[in-house]
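1. Below is the sequence, then the predicted model.
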Amino acid sequence: MFEMLGNWSFGDYFKKEAIAYAWEFLTEVMKLDKSRLYATVFAGDEKDGTEFDQEAYDFWKDYLPEDRILKGNRKDNFWEMGDTGPCGPCSEVHIDLRDDDERAKVPGAELVNKDNPLVIEIWNLVFMQFNRVASGELHPLSAKHVDTGMGFERLCMAVQNKKSNYDTDVFQPIIQKIAQTAGVRYGEKHDVDVALRVVADHLRAVTFAIADGQLPSNTGAGYVIRRILRRAIRYSFTFLGFKEPFMNTLVADLVAQMGHQFPEIKAQQQLIENVIREEENSFLKTLDSGILKFENYVKKMGSSTVIDGDFAFELFDTYGFPIDLTCLMASEKNLTVDMAGFAEGLRQQKERSRAATSVSAGDWMELIPQENPTVFVGYKENECSCKIVKYRQVTAKNKTYFQIVLDKTPFYAESGGQVGDTGVLTNGTETVEIYNTTKENNLVIHHANKIPNNVTAIFTARIDEAKRQKTANNHSATHLLDHALRAVLGTHVEQKGSMVASDRLRFDFSHFAKVTDEELRKTEQMVNALIRKNLPLQEFVDVPIEEARERGAIALFGEKYGKTVRVIQFGDAVELCGGTHTSATGNIGLFKIVSEGAVAAGVRRIEAVTGEAAEKLVYADQDAIAQLKAMLNAPDLAQAVKRLQDESAALRKKMEDIDRQMAVEFGKSLVDNAEEVNGVQVMSQVTDFSADMLRQIAYQLKDADNRVIVLGSVHGGKPNLVVALSANLTDRLDAPTLVRAAGKLIQGGGGGQPTLSMAGGKNPAGVPDAVAEALRLAKEKLS
């Protein structure tokens, strides 16, 4: 994570002014040494047919000698947002932060864009003057724009005359806190320093991501956040010695440092701490599992000294092990890792990922100029007359479809948790199905499997009214749910996400305990009471954001708002919202909660249905109750279940009596067939008894002197191992030591008391060998 400073011009000032502003800010405001500054300009590219940026070069000559205005290639000095779209030459400002003796030896001009850590870019001035189309051609833009980006941390490095971003007061408070907690000193050991920097940097990134609404997960952006956090945990585990969660304790220090400028991290501090703590706990367990897997792999290597690349990649991909950690563990055992095999596994994974996310979009075919955004009429109208402004063909995951932009539309584009509308586009003779509506770069995009034959015709855009009504009902229900939860659980409840579709709704919210059945019932009752009141929709548009907040409107987690907002109100439930809503709460019908559970630390999720879907849920429950009554032949279901429970308890007691008798008989058999080793009775058996029964048998037998009991079983597909011994033998034998050694053969582990220990595992086939191994070790000690 880094903080970006910048300035923009949309069709206003261009190269001359942008260069002048940059020079003024760096030299007059920040007081940077002019003799250390360099500028780069685009040298041109013959393939693109683009010329040397003489204009920018000449402007820079007003401030710098020509030997410090350098020409750069397309890679360094031509900015593009992607394969297509606005682009243009850029002019970078670099600074040479080396000591004077180093500058005297090698001119800074020779090190610009050469990855020298002390000759660095601090500002990039992008001059967007072209549009690249799918063919690769560049077309001049009708209006020219400026977009600049300067790294705040690098600017601090230059202003504070430091040799690294991490030596500035941006990072040092956190780094020193981590070092103090770990009991190390920054600047003494390379590996430790790298770990300190990684943890400090990643802590910032994860904290701000969570505060901005992105929780760790196994997919999409959430997976990126999880990988960043796990990378920090790995470094702290390997090089700083942290075996318990600790990063969550640093959030308070970061909030103290940056919370004034970024109040969102202060407001979300408790949530951030809880999420990070849960991720730490989870991943540290995963690391333990990976280390055990590594140890078991090494034991089976035999005479080989090279760890297979596929296995190293499995550790990386499944357990989150960085390859350097695997190499470190391997080197400690005088082993090496097949790095070529690992690299091949990584390459194949990237290819799979690239193929899964590959999207190829053609150029927009513009039919009419679009000076203003698409007019959305869907709050009031279900259909409207419209024209196609532009369209393009898109291929993703081997599927080809079309994206259509209209001048006017009733289709709601997916946003704010609400799914996009579906419907049709028709011109009387032809109908095109719209199967989704999304928003991209403020364009309302209608998704269709084909385009009309006559794209210039006047069309009627019509949404699926029934589906929209159900979606609107569910969206309004989420507002009522939010209001009810705050009333029942407390005002600490904040929305953390939602999904609103026609058939269901999902609502994520902050709360640090499971919602009890009683609280869920109260919440559901309150929502249904608000529905029965048939509260009318009150909609307020273009309300100043501060005025909306003064009215008590609730802002949604992670949403960005402009200066004016739309306010939706049903009675006392007031929220900022851009979605579609029912005209009155009575339209919702019935509200039923389906489930409640945790999605992250301090974040709960409620799933619910309304209207017909809620009725079907009630009917299904009623049918199930009626079926149970018929099966049990009892009109009073609760009484019938109680009778079954009593009968089950009585049968369980009888079975326990039988088990105890069997244990006694089995114990007698073991004693009768015991092997004597130097005056000690050694007895063993592999059975199908449960782990609890094995324990009972061993517990009874060990009470006599001079006995060693080793029992194994496979019960319910799971292996069990018990080692017990008489108290007078503990000076020669230790049950936990024997059970841990033998437990490895069932891919498990265990422990317990000196006279009785147990182990479970994952390898049922290894039980006989485990019993034999425990016997062998015991006999060795007794011999």
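-> Happy to help now that I have it.

2. Where does pLDDT dip in this structure?
-> 356-358, 557-559 (pLDDT under 70).

3. one more time with 80, if that's ok
-> 218-219, 318-322, 324-325, 352-360, 371, 397-398, 555-561, 601, 659-660, 749-751 (pLDDT under 80).

4. in the stretch 201-350 of the chain, which spans are strands?
-> Applying DSSP state E, counting those that start in this stretch to the stretch 201-350 of the chain gives strands spanning 306-307, 336-337.

5. give the contact list for the most centrally placed residue in the chain.
-> For the chain, Gly222 is the residue whose C-alpha lies nearest the centre (Cα atoms, centre = their mean; 1.9 Å). Gly222 makes contacts with 214-216, as judged by Cβ atoms under 8 Å, 6 or more residues apart in numbering. (Each C-beta comes from the backbone N, C-alpha and C, glycine too.)

6. Quick check: chain neighbours aside, which residue is closest to the residue of the chain most remote from its centre?
-> Here the chain reaches farthest from its C-alpha mean at Gly679, the gap being 61.9 Å by Cα atoms, centre = their mean. Once flanking residues are discounted, Gly679 sits nearest to Asn706: 6.0 Å by Cβ to Cβ, 6 or more residues apart in numbering.

7. which other helices and strands contact the longest helix anywhere in the chain?
-> When the chain is parsed with DSSP state H, its longest helix is helix 637-672. Using 3 or more Cβ pairs under 8 Å, 6 or more residues apart in numbering; DSSP states H and E, the elements in contact with helix 637-672 are helix 611-632, strand 680-687, helix 691-701.

8. As a markdown table, those with distance to Ala640 and mean neighbour count would be great.
-> Output for the helices and strands packed on helix 637-672, formatted as a markdown table (distance: least, Cβ to Cβ, whole Å; neighbours: other Cβ atoms under 10 Å):
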| stretch | distance to Ala640 | mean neighbour count |
| --- | --- | --- |
| helix 611-632 | 4 | 13 |
| strand 680-687 | 37 | 19 |
| helix 691-701 | 30 | 20 |
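
9. Compare those and give me the one nearest Met258.
-> Of all the helices and strands packed on helix 637-672, helix 611-632 sits nearest to Met258, with 44.8 Å by Cβ to Cβ.

10. how about the CA coordinates for that closest one, as PDB?
-> Taking C-alpha atoms only, helix 611-632 is exported to PDB below (Å, rounded to 0.1, in the frame of the first residue of the first chain):
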ATOM      1  CA  GLY A 611     -43.500 -12.700   0.200                       C
ATOM      2  CA  GLU A 612     -44.200 -15.900  -1.700                       C
ATOM      3  CA  ALA A 613     -40.800 -17.300  -0.800                       C
ATOM      4  CA  ALA A 614     -41.500 -16.800   2.900                       C
ATOM      5  CA  GLU A 615     -44.900 -18.400   2.500                       C
ATOM      6  CA  LYS A 616     -43.300 -21.500   0.800                       C
ATOM      7  CA  LEU A 617     -40.900 -21.700   3.700                       C
ATOM      8  CA  VAL A 618     -43.700 -21.600   6.200                       C
ATOM      9  CA  TYR A 619     -45.600 -24.300   4.300                       C
ATOM     10  CA  ALA A 620     -42.600 -26.500   4.100                       C
ATOM     11  CA  ASP A 621     -42.100 -26.300   7.800                       C
ATOM     12  CA  GLN A 622     -45.800 -27.000   8.400                       C
ATOM     13  CA  ASP A 623     -45.600 -30.000   6.100                       C
ATOM     14  CA  ALA A 624     -42.600 -31.400   7.900                       C
ATOM     15  CA  ILE A 625     -44.300 -31.000  11.300                       C
ATOM     16  CA  ALA A 626     -47.400 -32.800   9.900                       C
ATOM     17  CA  GLN A 627     -45.300 -35.600   8.500                       C
ATOM     18  CA  LEU A 628     -43.500 -36.100  11.800                       C
ATOM     19  CA  LYS A 629     -46.800 -36.100  13.700                       C
ATOM     20  CA  ALA A 630     -48.000 -38.800  11.300                       C
ATOM     21  CA  MET A 631     -44.800 -40.900  11.600                       C
ATOM     22  CA  LEU A 632     -44.900 -40.700  15.400                       C
END
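
11. counting contacts, what elements does that helix pack onto?
-> strand 591-600, strand 603-610, helix 637-672.

12. still on that earlier bit, need the helices and strands packed on helix 637-672 in TSV with distance to Thr426, can you?
-> Formatted as TSV, these follow (distance: least, Cβ to Cβ, whole Å):
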stretch	distance to Thr426
helix 611-632	28
strand 680-687	74
helix 691-701	68
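
13. between these, which one is nearest to Arg551?
-> helix 611-632 (29.1 Å).

14. Name the surrounding residues that touch that closest one.
-> 470, 473, 503-504, 588-592, 594, 608-609, 635, 637, 640-641, 644.

15. hmm, try it at 10 Å
-> Helix 611-632 is contacted by residues 469-470, 473-474, 477, 502-505, 528, 531, 587-594, 608-609, 634-637, 639-641, 643-644 when judged by Cβ atoms under 10 Å, 6 or more residues apart in numbering.

16. Just the buried ones out of the residues you listed, please.
-> Buried residues within the contacts of helix 611-632, counting neighbours by 16 or more other Cβ atoms under 10 Å: 469-470, 473-474, 477, 502, 505, 528, 531, 587-593, 608-609, 640.

17. before we move on, the earlier item: which of the strands of the stretch 201-350 of the chain sits most buried?
-> Ranked by mean neighbour count, these are led by strand 306-307 with a mean of 19 (mean count of other Cβ atoms under 10 Å).
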